[in-house]
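Chemist: Here is my input, please return the structure:
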Amino acid sequence: MAATALTDRYAANLHGVLSCYDRIIVTGTLPGACYAGGMTSFLYSRGIRIFDYPRLAEPLRDRIRERAQQVCADASIEIEHVNKSHIRKEDLVARVLARRGDTPGLVHVISAMAACASYKPWLDKSNGHVYLRPDSDKCLHYYFYFIDQGFGLCYLRVPTWAPFPLQFYCNGHSALARSLQREGIDFVQEDNAFLRIADLARAQALADAFNPEQLHRCLTRYAHWLCPVAEVFAQNDWHWSIRQAEYSTDLMFRSQHILRPLYDAISRQAVLAADAPRVAGFLGKKITPSLAQELGSRPSTRIEGRCIKHYMGAAGVKAYDKFSRVLRVETTVNDVSFFKHHRRVEHKGAPATRELAPLKKSIYSLIDLREILLGCNQRYLAFLSSLDDPSAGECDLQRLSQPRVGTPPSVKGLNFFNATDRQLLCTLQHGEFNIHGWRRADLVARLPMPPSAMSRQLRRLHTLGVIKKVTHTYRYYLTRLGRAAIAAACSLTRFSIVPAMAAAH
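Modeler: Now for the predicted structure:
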């Protein structure tokens, strides 16, 4: 028998389920200048000596610095330089946002020294050829943070040294929040997670309508504005490719008291139950003898909550609780060619065919990538649904054992080790009460307790949900929860606790 899905099991405790892109990181490269051979050809075509390559790059560096200063002056913003690795740029931007609000426009500009790709002039003494070869160095980077009308909070990282590879960040949840605001749909958001959305069906439709063409136009506009060097290399656009993408499926719970015990239970089991074939299965892969990728599972504790991550090579699927209100299942990929799908494949000197091939890294693959990552999330959710879920039992135990205060009537919780409570509960378990139930007089005749005290005990058990009254009578009977709790307490006391205490002597 198939296990009930978590979404069905907790349907009454959920605001809903939302699947959406989360973090998206895109890199932009200038065609013809993004690799050493192309830059070498460009220098020869312009009549520039290879060893004069720095003379080409230095004026472009100054042009980017001047543009950054001009952009900041127009927005009345000062560039903040960060030279400590422990300082989080997100924290600096968050403080600025707290002052200025979420109005579209430039938010902040941060500069920092960081590693960058570069080229090094080289002379091959064996044949006398002079060319550029790949190298790495450090240069000043500008981080332009801005709020886009369509994509929300984003940043563009611009290096000041050739070949000027750009990096752009956006978040699908921020883009969805902007869309919901435009359509007047009420929602509650905490960080990059939605706690509640008034029109969930429309929100899902907007999330599914994430448009790579709109993203491309946005990328081109900001690249030409903040990195004005493309025309030097006779290019009118960058080539944009996916560096990292995250796609999440969020179960939005109504209460923290429901999610906390559930996540405690499944997180412990998931790490142990997810073996290598299962992890590969989550990501749509199989374990083969030729596999040469790292594969495993690990739990960790984050600021937002605890996280379980299963990874295989460049991809991984994880689950974590955000603010104890959202159970997020998320698939992350750092190299989209890790996944394969059926697409048109071009062949050199032969007609194109349609076959199973790795996903292209172009930003236009975000459409097909969404379906692939959603499938990974759904397979992992099905796995979590198959795990034992004792969270309901933990909630019932808290309900029975904790005192009810603040809301009348106030009652004490059950103490299964208290002699009075244990004697009363064992009496309720007698076989003659299973069919017709009992009255107060039946219990008074069996227990050393006055009628007034027995009435208070019955009212207490009724409030806790242990017993239920028969309509229009003075009879009571045990509820399903009451029968299970009393049987477990009596069995545990008789067969485990008492023998263990006796053995101690």
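Chemist: Could you tell me which residues make contact with residue 259?
Modeler: Applying Cβ atoms under 8 Å, 6 or more residues apart in numbering to residue 259 gives the contacts 253, 321, 324, 325, 326, 327. Any C-beta I mention is one placed from the backbone N, CA and C, and that applies to glycine too.
Chemist: I figured the last one hits residue 263, correct?
Modeler: Yes: using Cβ atoms under 8 Å, residue 327 is in contact with residue 263, at 6.4 Å.
Chemist: Quick check: neighbours shared by those two?
Modeler: With Cβ under 8 Å, 6+ apart, residue 327 and residue 263 have common neighbours residue 321.
Chemist: quick one: which of those two has more around it?
Modeler: Between residue 327 and residue 263, residue 327 has the larger neighbour count (other Cβ atoms under 10 Å), namely 26 against 22.
Chemist: Find the nearest non-adjacent residue to the more buried one, please.
Modeler: Nearest residue to residue 327, sequence neighbours excluded (Cβ to Cβ, 6 or more residues apart in numbering): residue 251, at 4.2 Å.
Chemist: what ranges do the helices span in the stretch 351-500 of the chain?
Modeler: Using DSSP state H, counting those that start in this stretch, the helices of the stretch 351-500 of the chain run over 366-386, 391-401, 419-428, 433-436, 440-444, 451-464, 480-492, 498-503.
Chemist: Mind exporting the C-alpha coordinates of the third one to PDB?
Modeler: Included here for helix 419-428 are C-alpha records, laid out as PDB according to Å, rounded to 0.1, in the frame of the first residue of the first chain:
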ATOM      1  CA  ALA A 419      -0.400   6.700  41.800                       C
ATOM      2  CA  THR A 420      -3.900   8.400  41.700                       C
ATOM      3  CA  ASP A 421      -3.800   9.000  37.900                       C
ATOM      4  CA  ARG A 422      -2.500   5.500  37.200                       C
ATOM      5  CA  GLN A 423      -5.100   3.800  39.300                       C
ATOM      6  CA  LEU A 424      -7.900   5.900  37.700                       C
ATOM      7  CA  LEU A 425      -6.700   5.200  34.200                       C
ATOM      8  CA  CYS A 426      -6.200   1.400  34.800                       C
ATOM      9  CA  THR A 427      -9.800   1.300  36.100                       C
ATOM     10  CA  LEU A 428     -11.200   2.900  32.900                       C
END
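Chemist: for that helix, packing partners?
Modeler: When contacts are defined as 3 or more Cβ pairs under 8 Å, 6 or more residues apart in numbering; DSSP states H and E, helix 419-428 packs onto helix 440-444, helix 480-492.
Chemist: Show me the one of those that comes nearest residue 358.
Modeler: For the helices and strands packed on helix 419-428, proximity to residue 358 was assessed by Cβ to Cβ; helix 480-492 is nearest, at 53.0 Å.
Chemist: Could you give the number of residues near residue 176?
Modeler: Each residue near residue 176 was counted by other Cβ under 10 Å, and the total is 26.
Chemist: any idea of the pLDDT on it?
Modeler: Per-residue confidence (pLDDT) for residue 176: 96.
Chemist: Skipping its backbone neighbours, what lies nearest it in space?
Modeler: residue 207 (5.2 Å).
Chemist: What helix or strand is the one you found located in?
Modeler: helix 200-208 (DSSP states H and E).
Chemist: Quick one: list the elements packing against that helix.
Modeler: Helix 200-208 packs on strand 14-29, helix 172-182, going by 3+ Cβ pairs under 8 Å, 6+ apart.
Chemist: Give me the below-cutoff pLDDT ranges for the stretch 301-450 of the chain.
Modeler: Along the stretch 301-450 of the chain, segments meeting pLDDT under 70 span 302-305, 389-392, 394, 406-407.
Chemist: Show me the helices in the stretch 1-150 of the chain, by range?
Modeler: For the stretch 1-150 of the chain, helices defined by DSSP H, counting those that start in this stretch occupy the ranges 6-9, 36-45, 53-74, 89-100.
Chemist: List the buried residues of the last one.
Modeler: Of the residues in helix 89-100, those buried by neighbour count under the rule 16 or more other Cβ atoms under 10 Å are 89, 92, 93, 97.
Chemist: which other helices and strands contact it?
Modeler: Partner elements for helix 89-100 (3+ Cβ pairs under 8 Å, 6+ apart): strand 105-124, strand 129-148.
Chemist: which ones are touching residue 174?
Modeler: Residues near residue 174 by Cβ under 8 Å, 6+ apart: 151, 152, 153, 154, 192.
Chemist: wait, residue 36
Modeler: Applying Cβ under 8 Å, 6+ apart, we find residue 36 in contact with 119, 131, 132, 133, 134.
Chemist: are any of these buried, and which?
Modeler: Buried among the contacts of residue 36 (16+ other Cβ under 10 Å): 119, 131, 132.
Chemist: Specify which member of these is nearest to residue 218.
Modeler: residue 119 (29.3 Å).
Chemist: If we ignore the residues flanking it in sequence, what's nearest the closest one?
Modeler: Residue 119 sits nearest to residue 132 (Cβ to Cβ, 6+ apart), 4.0 Å away.
Chemist: For the one you found, give me its contacts.
Modeler: Neighbouring residues of residue 132 by Cβ under 8 Å, 6+ apart: 36, 39, 40, 43, 50, 53, 119, 120, 121, 122.
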